[in-house]
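K.L.:
next comes the sequence, and after it the predicted model I'd like to discuss.
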Amino acid sequence: MKYNIAVVGATGAVGREMLRTLAERNFPADKVYALASTRSVGREVSYGDDAVLKVEALESFDFSNAHIALFSAGGDTSKAYADKAGQAGCIVIDNSSAFRMEDDVPLIVPEVNAEATDGCLVKNGGRNIIANPNCSTAQLVVALKPLHDEYGVKRVICSTYQATSGAGQAGMDELFNQTKGIFVNDEQTPEKFTKQIAFNVIPHIDVFMDDGFTKEEWKMRAETKKIMDESIEVIAHAVRVPVFVGHSEAVFVETEKSFEIGEVRNQMREQDGLSVIDHRANEGYVTPVEAAGEDAVFISRLRRDPSVENGMVFWCVSDNLRKGAALNSVQIAETVVERGLIG
Ligand code: A2P
């Protein structure tokens, strides 16, 4: 069987990556609808190497024509259209944070909790909506999965180094234009980011909360608990860095059970979606530039943390537009098909 797919936000950084990923992975698509705002109607976007799609208006789209819709057009657009699509019988996979923490919306990273996808169906108490986690959470939970299965993860401390594409095409454009501008002494006016991002780092992503954490840091804690286990303690510190694509994380993990670091390395090697590249030498680790365009979550710099009883530290890098967004959404769509949730 083949399925009709709608991509909402098809002209954006993640939307274009969703179209590329669907084509690359040979998703069994019959019709593919590229949807965006009325400003973009008639524009063309690529679907794979050969096909070109004409952008249609989300506003007038009839979701009963699509089996699955991948949404990546911001939280407000999701809030306005996702339930309408779900009620029309379409299964929505939403990349925004609009529904992630709602009880009747499963939050899915297929390598970790594919079975929870079934909860999206109305007959199982859902509303035909599945949420895709925040980009920095998606790569973290794939890395934690084998550790939690084997040793029970107790506490995670995570410092992030997040690329500008996490803020969409406009974020990448701001980095590019500021970098160019600095060489010709142009004045830097931050728009998408709160301070200059070129040749700088900014310890502030999303809004501040009452306890001093930012919403981005709160998301990593709350989403990891929802996807993996409520008992895991997660503390995050999120930083925007002048990188176009690829989020990096320094991850400090404390486990219940003791481990041998060599065994941990092997268990991480066997985990679906993880790639361990860890030679203790020049070039023996992965940076965002190498991770961009790749599907894997890369683990490097794995070592024991001698400051706690069962502690380890590693470096975790992934393409935030892929595993952090488009790839994970398409993997959820594949899971929906495999688990027979359509129709
Ligand atoms: P458009 O290009 O027509 O504005 P990014 O995250 O890279 O900024 O992309 C955001 C995506 O979400 C774009 O495809 C954008 O379409 C789409 N979008 C934003 N607002 C709306 C809206 N109100 N209705 C439909 N699509 C929207």
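P.N.:
Yes, it's here. Everything quoted here is computed from the prediction, not taken from an experiment.

K.L.:
hey, let's count contacts and neighbours off CA atoms from now on
P.N.:
Fine.

K.L.:
tell me the residues of the stretch 51-200 of the chain that contact the ligand?
P.N.:
Contact residues, the stretch 51-200 of the chain versus the ligand (C-alpha under 6 Å from any ligand atom): 58, 73, 77, 168-170.

K.L.:
show me which of the residues you listed are buried.
P.N.:
58, 73, 77, 168, 170 (16 or more other C-alpha atoms under 10 Å).

K.L.:
D278 touches F298, doesn't it?
P.N.:
No - using C-alpha atoms under 8 Å, D278 is not in contact with F298, being 9.3 Å away.

K.L.:
who has more neighbours out of the two?
P.N.:
Ranked by neighbour count (other C-alpha atoms under 10 Å), D278 and F298 place F298 first, with 28 against 19.

K.L.:
check for me that the more buried one belongs to a strand.
P.N.:
Yes - F298 sits within a strand when classified using DSSP: H, G, I helix; E, B strand; the rest coil.

K.L.:
start at 334 instead
P.N.:
That works, and once the first residue is 334, the last one we named lands at F631.

K.L.:
residues in contact with it?
P.N.:
607-610, 619, 624, 649-651 (C-alpha atoms under 8 Å, 6 or more residues apart in numbering).

K.L.:
how close does it sit to K478?
P.N.:
14 Å (C-alpha to C-alpha, to the nearest Å).

K.L.:
quick revisit: show me the residues of the stretch 384-533 of the chain next to the ligand that map onto helices.
P.N.:
Using DSSP state H, the subset of these located in helices is 410, 502-503.

K.L.:
quick one, strands of the stretch 534-676 of the chain?
P.N.:
Ranges of strands in the stretch 534-676 of the chain, per DSSP state E, counting those that start in this stretch, are 566-573, 580-588, 607-609, 630-637, 644-651.

K.L.:
format these as JSON lines; extra columns: distance to F546.
P.N.:
As requested, the strands of the stretch 534-676 of the chain are exported to JSON lines (distance: least, C-alpha to C-alpha, whole Å):
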{"stretch": "strand 566-573", "distance to F546": "8"}
{"stretch": "strand 580-588", "distance to F546": "17"}
{"stretch": "strand 607-609", "distance to F546": "29"}
{"stretch": "strand 630-637", "distance to F546": "26"}
{"stretch": "strand 644-651", "distance to F546": "22"}
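
K.L.:
just send these back as TSV, with distance to P443 and mean pLDDT too.
P.N.:
What follows is those, written out as TSV (distance: least, C-alpha to C-alpha, whole Å; pLDDT from 0 to 100):
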stretch	distance to P443	mean pLDDT
strand 566-573	21	98
strand 580-588	19	99
strand 607-609	13	98
strand 630-637	13	98
strand 644-651	16	98
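
K.L.:
out of those, nearest to F396?
P.N.:
strand 644-651 (32.3 Å; C-alpha to C-alpha).

K.L.:
from the buried ones among the residues of the stretch 384-533 of the chain next to the ligand, which is closest to G657?
P.N.:
G501 (12.5 Å).

K.L.:
ok so K528 is a helix residue?
P.N.:
No - counting by three-state DSSP, K528 falls outside a helix, being coil.

K.L.:
contacting residues for the residue nearest to it when sequence neighbours are not counted?
P.N.:
Counting by C-alpha to C-alpha, 6 or more residues apart in numbering, K528 lies nearest to I535, which is 7.0 Å off, once chain neighbours are set aside. Contacts here follow C-alpha under 8 Å, 6+ apart; on that basis I535 touches 527-528, 572-574.

K.L.:
and the pLDDT at the residue of the stretch 384-533 of the chain found nearest the ligand?
P.N.:
The ligand sits closest to A406 of the stretch 384-533 of the chain, with a gap of 3.2 Å, by C-alpha to the nearest ligand atom. If you check A406, the pLDDT there is 97.

K.L.:
partners of E377 in the sheet?
P.N.:
K387 (DSSP bridges).

K.L.:
the helices in the stretch 434-583 of the chain, which residues?
P.N.:
Remark: helices assigned in the stretch 434-583 of the chain by DSSP state H, counting those that start in this stretch are 443-446, 468-484, 502-516, 548-560.

K.L.:
ok, which of the ones you listed comes nearest A658?
P.N.:
Once the helices of the stretch 434-583 of the chain are compared by C-alpha to C-alpha, helix 468-484 is nearest, at 6.0 Å.
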